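Novice: the sequence and its predicted three-dimensional model are supplied below.
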Amino acid sequence: MKLTQELTKGFFKENPILIIMLGLCATLACSTSATDALGMGAAFTFVMIGSNVVISSIRKLVPNQIRIPLYIVVISTFVTIIDYSMKAWAPALSRSLGVFVPLIVVNCIVMGRAEAFAGKNGVLASLMDGIGMSVGFTAVITLIGSIREILGNGTVFGFQVMPSVYQPILIFILPPGAFLVLGFFMAAHKRITNRKGGAA
Amino acid sequence: MISNNMNLFLIFFSAMVVNNILLIRFIALCSFFGISNNMQTSIGMGMAVIFVMVMATTVSWLIFHFLLVPFHLEFLRTAAFILTIATFVQFEEMFIRKTFPALYRAMGIYLPLIVVNCAVLAASFLVIDYNLDYIPSIVYTIGVGGGYFLAIVLFAGIRERISMAPVSRSFQGYPIAFITASLMSLAFLGFKGLFGL
């Protein structure tokens, strides 16, 4: 029961992007298309789960004073692995994500979960927490990517979905569109939470 | 794209305005939204970021080109840079506290916070990715830091006005801040294509 809670809290209630407001850089910069967003989500998932598991398994060996530098080394190892794997197997994706793959190392969600959860809980719970947070992150970023791609280009994952008479609103795949879509997302999330709070 | 044979002023201008790090490139947004609700703190943070960023890049560039490249250790750059920055911020904090107490009081808690500010790390990566020489790298970094300062101070000014405006309930707080950032980003987009950048 408890493990399922650790898993599902990241989906909506403690969604890393919408509620905790972390990891915004990657969310906004890598959501110009659904494919990029999913790629970012996959890279993030790998780093998040890997570092959560490793950090929770070494948590009893790490002296409290030097835990932050150690966490950073663990996280940057995973980031380097995914960065070089993407360069080898998905060069196009790696080019379009650019500097944001190495920047996962300072993605506050990973560090935040390491500090707030993995450093204090068991391996299994941390694994669940990592999966939950990753799914929440990937879902939101892919959704934002799809919306921006539909409105700005008329496609999803490169497939044409809008009728050919549809005039793409270019602004949505440019930087201002990212802020705009995420702003409305947060307003919607807030409205739903307010409603729920009012009912209870 | 930025290259070595460009005029230094163009490199500076491109980094600061045309490719503004916050509004066009989306780096360091956590601090942008986190602390921009107050003008004073925004100015302090902006100054601290310029300072640390320039110092960090001058060191990380040397580390990359004279330590990592000769030993073929380029794959260690992520770990090396983040540790450099963390160490450096710590060192700078001690140094400033000792020698310039007034400056230290002005920057206060923002110095340690900068370790997790991705703008600093991003600037170190970007000068490597663009293959810039030493002097252009420093000029570029000053531009990036200046762009951060410019955007966060402008944004703080607008948010101080918004806090008194009647905003609908769902949009209060962060949502309206995002819409504001979107409009600011639109304004900065107007610089695109200037000087062919």
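Specialist: On my side now, so go ahead.

Novice: what sits against the residue of chain A at minimum distance from chain B?
Specialist: Taking C-beta to the nearest C-beta, chain B has its nearest neighbour within chain A at A:Gly183, 3.1 Å off. For every residue, glycine as well, the C-beta is placed using N, CA and C. Shown in contact with A:Gly183 (C-beta atoms under 8 Å, 6 or more residues apart in numbering or on different chains): B:Phe171, B:Tyr174, B:Pro175, B:Ile176, B:Ala177, B:Phe178, B:Ile179, B:Ala181, B:Ser182.

Novice: pretty sure the first one contacts B:Ile179?
Specialist: Put plainly, it is B:Phe171. Yes. The pair B:Phe171 / B:Ile179 is scored as a contact, 7.4 Å apart, by C-beta atoms under 8 Å.

Novice: so for the two, which sits in the more crowded spot?
Specialist: B:Ile179 (21 against 18; other C-beta atoms under 10 Å in any protein chain shown).

Novice: which element is the more buried one on?
Specialist: helix B:174-189 (DSSP states H and E).

Novice: export that helix as CSV, just CAs?
Specialist: C-alpha atoms of helix B:174-189 as CSV (Å, rounded to 0.1, in the frame of the first residue of the first chain):
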residue,chain,number,x,y,z
TYR,B,174,2.9,31.4,-10.8
PRO,B,175,0.4,31.1,-13.7
ILE,B,176,0.2,34.9,-14.3
ALA,B,177,4.0,35.1,-13.9
PHE,B,178,4.4,32.6,-16.7
ILE,B,179,2.0,34.6,-18.9
THR,B,180,4.1,37.7,-18.2
ALA,B,181,7.3,35.9,-19.0
SER,B,182,5.7,34.8,-22.3
LEU,B,183,5.0,38.4,-23.3
MET,B,184,8.5,39.5,-22.3
SER,B,185,10.0,36.6,-24.3
LEU,B,186,7.9,37.8,-27.2
ALA,B,187,9.4,41.2,-26.9
PHE,B,188,13.0,39.8,-26.8
LEU,B,189,12.2,37.7,-29.8
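
Novice: from the chain's centroid, how far away is that helix?
Specialist: 18 Å (C-alpha atoms, centre = their mean, to the nearest Å).

Novice: and stretch A:107-116, end to end?
Specialist: Stretch A:107-116 has its terminal residues 14 Å apart, counting by C-alpha to C-alpha, to the nearest Å.
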